[in-house]
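[1] Take a look and give me a structure for this.
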Amino acid sequence: MKIVDYIALILILVGAINWGLIGFFSFDLVRVLFGDMTLLSRIVYALVGIAGLYGISFFGRLNSDYFSE
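    Reported below is the predicted structural model:
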């Protein structure tokens, strides 16, 4: 499960960096790299979204680790 966690974390970071670039500089890195709403860019956005939803489970695991000690 650790591999899935690392992949999800990397995708979450990619999404966070992309949103930071959009917010600060109006620069969409995914659009520049993969095109404006091409199939590949839509896949990247979808994977980042799924990783974000999966990342919610990190809270539950952190909480259970904290109280188990």
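
[2] Report the central residue of the protein.
    By C-alpha atoms, centre = their mean, the chain has its centre lying nearest to I12, at 2.0 Å.

[3] Next, work out how far apart that one and S41 are.
    For I12, the distance to S41 equals 17 Å [C-beta to C-beta, to the nearest Å]. To be clear about C-beta, it is placed using only N, CA and C from the backbone, and glycine gets the same treatment.

[4] How about F59?
    29 Å.

[5] In terms of neighbours, single out the busier of those two.
    Neighbours were counted for F59 and for S41 using other C-beta atoms under 10 Å; S41 has more, 17 against 9.

[6] Now do the contacts for that one.
    Residues near S41 by C-beta atoms under 8 Å, 6 or more residues apart in numbering: 30-31, 33-35.

[7] most neighbours, which of the residues you listed?
    Within those, most neighbours by other C-beta under 10 Å means V30, with 21 neighbours.

[8] in which helix or strand would I find that residue?
    helix 29-34 (DSSP states H and E).

[9] Counting by contacts, list what that helix packs against.
    helix 2-25, helix 39-68 (3 or more C-beta pairs under 8 Å, 6 or more residues apart in numbering; DSSP states H and E).
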